[in-house]
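In: give me the fold of what follows.
(one chain, ligands or ions: 2)
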Amino acid sequence: MILIVDLLLMIIDVTYSILCAVVRTFLHPRLKSIDGELCLITGAGGVLGRLFVLEFAKEGAHLVLWDCDTAANERTAQLARELGVEVRTYTVDLSKRQSIYDAAERVRAEVGDVSILVNNAGVVAGRRLLECPDELLERTLLVNCHALFWMTKAFLPQMKARNHGHIVTIASALGLFTTACVEDYCASKFGAVGFHESLAHELRAENHDGIKTTLVCPYIVDTGMFSGCEIRKEIRNLIPPLEPLYTVQQSMKAILGEQEMICIPRIMYIVFIARALLPWEANVVAYRFTGGDKCMMPFIKNAETKTSGGHIQSS
Ligand SMILES: NC(=O)C1=CN([C@@H]2O[C@H](COP(=O)(O)OP(=O)(O)OC[C@H]3O[C@@H](n4cnc5c(N)ncnc54)[C@H](OP(=O)(O)O)[C@@H]3O)[C@@H](O)[C@H]2O)C=CC1
Ligand SMILES: CC1=C(/C=C/C(C)=C/C=C/C(C)=C/C=O)C(C)(C)CCC1
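Out: Ligands and ions are numbered 1, 2, ... in the order given. Below you'll find the predicted structure:
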C-alpha cells in the first residue's frame, strides 16, 4: 500500500518537475542576486573565463581568479577591477593536485570562504591518439577532470558548513556525445559530467539544499580552442559555432536561475537523447550525414602544424 502511495507521489513529482522545466523554457526564471558573494573562476585568463569574470563582476561578486598564465590572468583582473569589484589573482597549475591545495589554502587565509566555484579551465591534446605523447593525453584528464575532485575537496567543506554555495562545471557537448579523434577530451568531459551529476545527487541526498550545482555543455565556441573543427558545409549555418559572449550570457542565466544543466544551443539535447535512444549504427549514419563524424579532422591538422616533436610550441 505504502509502495503504491509512494509511486503515485513520485508520478505527481515527475509531472510537476517536467511542467516546471517547460515553463522555465518559455518564461524568464527569477535570477538570484550574487552581490558581495566570493566567486572563484579557473581558467580566468582564457576567452570564456575572462567573459565569465566580467559577467560575475557586473553582478557585484568579488572575484578570485586562477590561471596558469599569470599575464593573461592579470589582464582579466584589471578589466574586472575597472567594474569596481575586489579581485585577487593566483597562478595555479590545475594539473598538479598540490598546486590546487596550496592555492586553496592561500585563498582561504587571504580572502575568505568561496561561495561560487566556476570550474572553467580546460585543455585538449589536439593530436591523433596514436601520435600523441602520453603526457599530453594525461594532462587533459588532469586539468578537465581530476582537478574537479581537488577543487571540490578544497572548497565544498566551507559551503557545507554554511549550507550555502554554488558549484558550476563548464563541461561540453562532448561530455554528452562523442566524435572521432578527441578521445582525451571526450573521456575527460564525460568524466566531468559524471563527477558533476554524482556530486549533485550527493548534495540532494544529504539535504544540502543551499548548495546549488550547474552543468554547462556548450557546442563549439568560437574561442580558438577548436579552431578548424567544422561540420558539413550545407548545415554549418543551421548550427554555427557559438559566440563566446552568447555562450557565457546563456550560462549566466542558467547559473543565476539555479538551473541544474544547460546545453547550448538547445539542439544539443536532441543529439544527446539520440545517442542514448538510437542504435549505435543509426547514430553513425546521422553523424556521417551531418559531417559530425569527421568534424575534428581539420582541427587536428591545424593543431599539428602548431606542434613539433610532441612539444607545444609557444605562439
Ligand atoms: N571553445 C570551445 O569550443 C568549447 C570550450 N568548452 C570548455 O570551456 C572552457 C573554456 O574554454 P575556452 O575559453 O574556449 O579555452 P581557453 O583556452 O581560451 O581558456 C582556457 C584557460 O584555462 C587555462 N588553463 C589551461 N590549463 C591550465 C592549467 N593546467 N592550470 C591552470 N589553468 C589552465 C588556459 O591557460 P593557457 O592559455 O596558458 O593554456 C586558459 O587561460 C574549457 O573547459 C573548455 O573545455 C566547452 C565547449 C566548447
Ligand atoms: C558529432 C555530431 C555533431 C557535431 C558536433 C560537434 C562538431 C561538436 C563539437 C563540440 C566541441 C568542439 C566541444 C568542445 O568542448 C552534429 C553535427 C551537431 C550532429 C551529429 C553529431
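In: what number of residues lie near the residue in the stretch 51-200 of the chain positioned nearest to ligand 2?
Out: Closest approach between the stretch 51-200 of the chain and ligand 2, counting by CB to the nearest ligand atom: S172, at 3.1 Å. C-betas here are computed from N, CA, C, even on glycine. Applying other CB atoms under 10 Å, we find 28 residues neighbouring S172.
In: can you pull the contacts of it?
Out: By CB atoms under 8 Å, 6 or more residues apart in numbering, the residues touching S172 are G122, Y185, K189, A192, C217, P218.
In: from the residues you listed, which are also near ligand 1?
Out: When CB under 6 Å from any ligand atom is applied, the members of those adjacent to ligand 1 are G122, P218.
In: could you point out the helix or strand that follows the strand or helix carrying V23?
Out: Under the criterion of DSSP states H and E, V23 resides in helix 2-26. Next along the chain after helix 2-26, taking DSSP H and E as the criterion, comes strand 38-42.
In: next, the angle strand 38-42 makes with the helix or strand following that next one.
Out: Going down the chain from strand 38-42, the next helix or strand is helix 47-58, by DSSP H and E. Relative orientation of helix 47-58 versus strand 38-42 (axes from the mean of the first three to the mean of the last three CA atoms, to 10 degrees): 170 degrees.
In: which other helices and strands does helix 47-58 contact?
Out: Where contact means 3 or more CB pairs under 8 Å, 6 or more residues apart in numbering; DSSP states H and E, helix 47-58 is packed against strand 38-42, strand 62-67, helix 70-81, strand 116-119, helix 244-256.
In: what angle do that helix and helix 244-256 make?
Out: Using the same axes, to 10 degrees: helix 47-58 against helix 244-256 is 50 degrees.
In: what sits up against helix 47-58?
Out: Counting by CB under 8 Å, 6+ apart, 34, 39, 41-44, 63, 65, 67, 72, 75-77, 79-80, 83-85, 87, 116, 118, 120-121, 170, 221, 223-225, 244-245, 247-249, 251-252 sit against helix 47-58.
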